[in-house]
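**Student:** make a model of this:
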Amino acid sequence: MNVKERSQKMQRRAFLGLGAVGALGLMAEDNRADAEDVAGRKPNIVVILSDDIGYGDLGCYGATKVKTANLDRLAAGGVRFTDAHSPSSMCTPTRYSVITGEYAWRGPIRRGVLSGVAPLCIKPGRVTLPSLLKEGGYTTACVGKWHLGLGEGETDYNGDIKPGPLELGFDYFFGYPATNDRVPCVYVENHRVVGLDPNDPIRVSYGKPIGDEPTGRSSPESLKMQLSQGHADTIINGISRIGFMSGGKAARWKDEEMADTLTSKAVSFIERSKDKPFFLYFTPHEIHVPRVPSPRFRGTSQCGVRGDVIQELDWCVGEVLAALDRRKIAEQTLVIFTSDNGGVLDDGYADGAVRDLGGHACNGPLRGFKGGLYEGGHRVPFIARWPEKIKPRESGDLVCLVDLLATCAAIAGRGLPADAGPDSFNVLPALLGKAPQPCRDQLVMHAGGGGLAIRKGPWKLIPKAAAGAGKGRKKDKAAADVSSPAGELYNLAEDLGETKNVAAQHSEIVKELAALLQQSSDNGRSRP
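**Tutor:** Residues are numbered from 1 along each chain as shown. Predicted structure coming up:
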């Protein structure tokens, strides 16, 4: 089938009823029927949510300058999606959606990301991905980046830190509060900072400087990694961060050791989870800035340090897969690998990411970068392997990370309450290759600046009001007409690179998509 035929087929499918509630009801029935295919022994579930990996960053998605043997092997043994999306092009809102099954723009995170002293942004007691699986008999763990806030009010890191991951349904947590370029640069295990000396309490500020430690602004000569923008506050491990920190010196991490530390915790959880099915939410720090690989990975790729940390991430995935093999449970384990948003190059540190590209395109053929509404901001790798149930293949089905809640509910045989996961669709039939029609027929996309766009079939509308949010983190040089008062309309089946704004030629589609976006916003949900 050529591109034109695919486009015509997708257009017919898209406009057999933009608001066809009855059809969605039939889809829900089909999804429940397909869930019967996994009845019986519940599979282990491992979700690996990487940070800032773009659509073109892996060998199995076309990269040639980096080696991702473990991820390529994962893809060869499972289904590799080509139309998968993060619900936002920024990390905190995407992670909120993964845990809650709700678009973050409906709730507390309309724009930007949380600081390292923000309170928990998800109310304990609501249905979450870990709480649903825990009630279904799973042992649950989160290892790695959290970035959804901790505690009540401004976080105090010197005592019990709660509520947090454990109050949302995880049995075990080992990770770090925000991002690796933000303070505090410490690990938290369950409710306590790891290795904290009570005689050296932690103080954190995102306003005025505290303490007398050097900053990137005051002592640039102390830096082992120079800045390109921002990141000029307290220096930790020779790298200046966002925010000010004093104390906690014995508890501070070393960036070069983070991959080993977090991966060992993930592997340990797998090895000690013997009696019940388990859910591991593994969220590596890579490849977020500052990009500081272990010495054994530095210089190993053909596209600089950014490529080096991709290869280190691939090693992390390989260690998890090896642990499943050692325990002889790989066959009955669903492993999902994906990313919280699209790729970005210069993200605040002068690490040579742009200079050393060597022809590598982090988002492949896509336009835009992390933070924006173009496809490069939110179309991400999505690989699912489950040897007992998934046959190796490529899939063009539309899926989103917000769908993990409803999908895992079906896998675990759990009913999803009507008021839970308002934007989470059960895409289990797409995973299993048994979807006679799309499991998800629409998607709202969210930019770091708060703008929204809407997708239906092959059509994507970026409203005029959100057009500025579509550019992302790097000046966009693509030749597109953004002067239309209707905004930007693209037919992704014919123009994946979003180079031709066809809003003026398809005013009726613009009108229908704008109405659908308004309906989704007004209704407070998109799940049938």
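
**Student:** show me the helices in the chain, by range?
**Tutor:** Ranges of helices within the chain are 3-14, 21-35, 69-76, 91-100, 129-135, 258-272, 304-326, 375-378, 404-411, 428-432, 507-523, based on DSSP state H.

**Student:** and the ones you listed, which is most packed in?
**Tutor:** helix 375-378 (a mean of 33; mean count of other Cβ atoms under 10 Å). Backbone N, C-alpha and C define where each C-beta goes, glycine included.

**Student:** possible to save the helices of the chain as JSON lines with distance to residue 154?
**Tutor:** Shown next, in JSON lines, are the helices of the chain (distance: least, Cβ to Cβ, whole Å):
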{"stretch": "helix 3-14", "distance to residue 154": "47"}
{"stretch": "helix 21-35", "distance to residue 154": "42"}
{"stretch": "helix 69-76", "distance to residue 154": "38"}
{"stretch": "helix 91-100", "distance to residue 154": "17"}
{"stretch": "helix 129-135", "distance to residue 154": "25"}
{"stretch": "helix 258-272", "distance to residue 154": "25"}
{"stretch": "helix 304-326", "distance to residue 154": "31"}
{"stretch": "helix 375-378", "distance to residue 154": "31"}
{"stretch": "helix 404-411", "distance to residue 154": "29"}
{"stretch": "helix 428-432", "distance to residue 154": "41"}
{"stretch": "helix 507-523", "distance to residue 154": "31"}
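
**Student:** residue 204: which of those helices is closest?
**Tutor:** helix 91-100 (17.2 Å; Cβ to Cβ).

**Student:** any chance of the helices of the chain in CSV, plus mean pLDDT?
**Tutor:** Putting those into CSV (pLDDT from 0 to 100) gives the following:
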stretch, mean pLDDT
helix 3-14, 40
helix 21-35, 40
helix 69-76, 98
helix 91-100, 98
helix 129-135, 98
helix 258-272, 98
helix 304-326, 98
helix 375-378, 98
helix 404-411, 98
helix 428-432, 98
helix 507-523, 96
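
**Student:** among those, which comes closest to residue 247?
**Tutor:** In terms of Cβ to Cβ, the element of the helices of the chain nearest to residue 247 is helix 258-272, at 20.4 Å.

**Student:** what are the C-alpha coordinates of the closest one, in PDB please?
**Tutor:** What follows is helix 258-272, C-alpha atoms only, in PDB (Å, rounded to 0.1, in the frame of the first residue of the first chain):
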ATOM      1  CA  MET A 258      24.200   7.000  38.700                       C
ATOM      2  CA  ALA A 259      23.600   4.400  36.000                       C
ATOM      3  CA  ASP A 260      25.200   1.600  38.000                       C
ATOM      4  CA  THR A 261      23.400   2.600  41.300                       C
ATOM      5  CA  LEU A 262      19.900   2.800  39.800                       C
ATOM      6  CA  THR A 263      20.300  -0.300  37.600                       C
ATOM      7  CA  SER A 264      21.600  -2.400  40.500                       C
ATOM      8  CA  LYS A 265      18.500  -1.400  42.600                       C
ATOM      9  CA  ALA A 266      16.200  -2.400  39.700                       C
ATOM     10  CA  VAL A 267      17.900  -5.700  39.200                       C
ATOM     11  CA  SER A 268      17.900  -6.400  43.000                       C
ATOM     12  CA  PHE A 269      14.100  -5.900  43.100                       C
ATOM     13  CA  ILE A 270      13.600  -8.400  40.200                       C
ATOM     14  CA  GLU A 271      15.900 -10.900  41.900                       C
ATOM     15  CA  ARG A 272      14.000 -10.800  45.300                       C
END
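
**Student:** which pLDDT value does the model give residue 274?
**Tutor:** What the model reports for residue 274 is a pLDDT of 84.

**Student:** what is the burial count for it?
**Tutor:** For residue 274, the neighbour count with other Cβ atoms under 10 Å is 10.

**Student:** backbone dihedrals for it, please?
**Tutor:** Residue 274 adopts backbone torsions of phi -110, psi -30, taken as degrees, to the nearest 10.

**Student:** quick one: it from residue 63, how far?
**Tutor:** 37 Å (Cβ to Cβ, to the nearest Å).

**Student:** of all the helices of the chain, which lies closest to residue 146?
**Tutor:** helix 91-100 (7.8 Å).

**Student:** taking helix 404-411 as reference, get the angle to that closest one.
**Tutor:** 20 degrees (axes from the mean of the first three to the mean of the last three Cα atoms, to 10 degrees).

**Student:** okay, now the unreliable bits of the stretch 401-528 of the chain?
**Tutor:** Filtered on pLDDT under 70, the stretch 401-528 of the chain yields the residue ranges 467-484.

**Student:** in this protein, which residue is most central in space?
**Tutor:** The residue lying closest to the centre of the chain (Cα atoms, centre = their mean) is residue 340, at 1.6 Å.

**Student:** show me what contacts it?
**Tutor:** By Cβ atoms under 8 Å, 6 or more residues apart in numbering, the contact set of residue 340 is 49, 50, 51, 52, 86, 90, 91, 94, 95, 380, 401.

**Student:** measure it to residue 460 for me?
**Tutor:** 20 Å.
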